[in-house]
Structures are given as structure tokens and as C-alpha cells.
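> Structure here, sequence nowhere to be found:
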């Protein structure tokens, strides 16, 4: 069970957004043009409501930072989830017909963390292009894109209250935060992309077809490791087990589970080659 997300019906969401965009073009050397664009955006909830994930920002793609895949630039967060893991042990108090200890299995509540991409509430994107007409409908652009996407209001990235209370009840021995933890360095991690693109203005559909190659000087490439797992067995249950079973059989198995939290090798590509029917701005 995941504790992430507000447990409210859709009509209860109230979202406030602020967006700003400006463009500037300056002729250079006859027909060449130097173009600039600046985009900023901010989203927040009010009245005690948090923005849902689909209302948040995910940057990347040919309309923002060209060298990155569409909607892949987001802070990285960890969501606590609970599940039952089966643990088997040999019970010396119960013997089979051959005189061997009977194997028993118990369910142990396990707390682990899932890596998610919640999107940002604030993004800033800047684009610079030097556009050069070549022949007829064909032109070339040298470009540089850069931007950040992050979470400014961490208080609006909380766990569902009912799910959080259930986690605390299931794991009274663990300190659990009701706000999502963020992977180090992933919040407002800058991305930059530069390259060259060729554009053909299609005469029939009146749309620009382009191919471009992009090189990404600034990446977020890290091994992202979630917080350590945890489990809980009450002292009453431990004492109900045969002597030595918990310390010698159950605890070592559970300790191994604690050593293997979820890990994601987050490696963004250094360069890419793409085509699309659009312009960045």
C-alpha cells in the first residue's frame, strides 16, 4: 500500500498557477536572426489542497530543453510503502515423522521506499537560437537551451493522512516523515543542451519539419538509492517463538533485506539526434 497522494475526490482540487513567457528576436547580418525566449511557471494549491501529479511540471523535449526526452526532467522522490514478506524457519518444537524440525512460515511487515518522479512546482527555461536561412524553405539554427525544474513548496508534497497514520501504526519503531524525501541533488538540478538543427517549412501543411543534434553539457547522472528498508515484529511475537529462532534464523534474513533498498541508475544521455514537426519557439 502506498501512502502517497491526497485522498480526495477530483472536484475538491483547487490549483493556482502563474506563468510568464517572453520572446525577443533581433536581425543580425541581413536575414539572420538571433532569438531569445524565457519561460517561468509556478503551481501551488490553496485552501489546504496540494497539486496533483498531473498538474505539476515535467521538463524536457523539443519544446523546452531539446537534448532531453519529453517530460523526463523532474525531481526524484521516495515514497514509503508497506508490504508483507514471508519468512520461513525451522521450528525445533515441532518435528516431522522423520524427526526433522517442521518448516513454518510467518508474514513480516516490511517498510520500503519506491523511487518516483513527482514533478516540480517551479520551472525556469531559457532558449537562445541563431537562425540562418539557407535556401528556399530550408534554414539552420544554432541553439542553446537551459533550465531547472524543482519543488519550492515541499510542504505541498505530503503523504496521504490515512496512509501515513497506518504506516506509523504498522511501524512504531521507525521514524517516518509525512513529507516525501527528495534524492540529493535532484531538486532544481540544472540541465543544458546545445546543438544544431535544420528546418524545412513544409508548404502544404505550413508546419516546420526539423532534425536536430543536441549535446548536453549539464546532466543529472547519479546512482539514486532509496532510504533503507525497515521491518517490525513486536516483542510479544518474538517471545512466542522457540528460543534462538528469531536471533539465528529470522533476524539474519530480515537484516539482509534491510541492506538492499531500491536503486536506480539514473543516466541521462550526453547527446541525441531527433526530428519533429514543430519549433521550440
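Received, thanks. If you're wondering where the values come from, they're calculated on a predicted model, not measured in any experiment.
> State the next helix or strand along the chain beyond whatever helix or strand residue 19 lives in.
With secondary structure defined by DSSP states H and E, residue 19 is part of strand 15-28. Heading C-terminal from strand 15-28, the first helix or strand you meet, by DSSP H and E, is strand 32-45.
> just checking, what packs against that following strand?
Here strand 32-45 touches strand 15-28, strand 122-135, going by 3 or more CB pairs under 8 Å, 6 or more residues apart in numbering; DSSP states H and E. Where C-beta positions appear, they are placed from N, C-alpha and C, glycine not excepted.
> Could you say which one of these comes nearest to residue 45?
Nearest to residue 45, of all the helices and strands packed on strand 32-45, is strand 15-28, at 5.9 Å by CB to CB.
> got the contact list for the closest one?
When contacts are defined by CB atoms under 8 Å, 6 or more residues apart in numbering, strand 15-28 is touched by residues 33-46, 49, 51, 55, 130, 281.
> Stretch 52-59 now?
Residues outside stretch 52-59 that contact it (CB under 8 Å, 6+ apart): 5-6, 13, 15, 17, 41, 43, 65, 68, 71-74, 117-123, 125, 147, 149, 191.
> Just the buried residues of it, please?
Residues 56, 57, 58, 59 are the ones in stretch 52-59 that count as buried (16 or more other CB atoms under 10 Å).
> pLDDT score for the first one?
In this model, residue 56 is scored at 94, pLDDT.
> Which parts of the stretch 51-200 of the chain are helices?
161-170 (DSSP state H, counting those that start in this stretch).
> what residue ranges in it score low on pLDDT?
The stretch 51-200 of the chain contains no residues with pLDDT under 70.
> State the paired neighbours of the strand holding residue 19 in the sheet, together with their directions.
Next to strand 15-28 in the sheet, as set by DSSP bridges, lie strand 32-45 (antiparallel).
> Buried ones in the partner strand, by neighbour count?
33, 35, 37, 38, 39, 41, 42, 43, 44, 45.
> so the third one sits right up against residue 126, yeah?
Yes - with contact defined as CB atoms under 8 Å, residue 37 counts as touching residue 126 (7.0 Å).
> re earlier: buried deepest among the helices and strands packed on strand 32-45, which one?
strand 122-135 (a mean of 17; mean count of other CB atoms under 10 Å).
> Which elements pack onto that one?
With 3+ CB pairs under 8 Å, 6+ apart as the test, strand 122-135 has strand 32-45, strand 138-150 packed against it.
> in this protein, which spans are strands?
15-28, 32-45, 77-95, 101-116, 122-135, 138-150, 181-182, 191-202, 207-218, 222-225, 230-231, 263-266, 271-277 (DSSP state E).
> residues in contact with the second one?
It refers to strand 32-45. By CB under 8 Å, 6+ apart, the surrounding residues in contact with strand 32-45 are 13-28, 51, 55-57, 64, 121-133, 147, 152-153, 156, 280-281.
> at 7 Å what do you get?
14-28, 51, 55-57, 121-132, 153, 156, 281 (CB atoms under 7 Å, 6 or more residues apart in numbering).
> if we can go back for a sec, of all the buried residues of strand 32-45, which comes closest to residue 200?
Nearest to residue 200 among those, counting by CB to CB, is residue 33 at 17.0 Å.
> which non-adjacent residue is nearest residue 200?
Excluding its sequence neighbours, the residue lying closest to residue 200 (CB to CB, 6 or more residues apart in numbering) is residue 209, at 4.9 Å.
> how near is the one you found to residue 22?
As for residue 209, its distance to residue 22 is 27 Å (criterion: CB to CB, to the nearest Å).
> Who are the contact partners of the closest residue in space to residue 125 that isn't next to it in sequence?
Excluding the flanking residues, the one nearest residue 125 by CB to CB, 6+ apart is residue 147, at 3.7 Å. Shown in contact with residue 147 (CB under 7 Å, 6+ apart): 59, 64, 65, 123, 124, 125, 126, 191.
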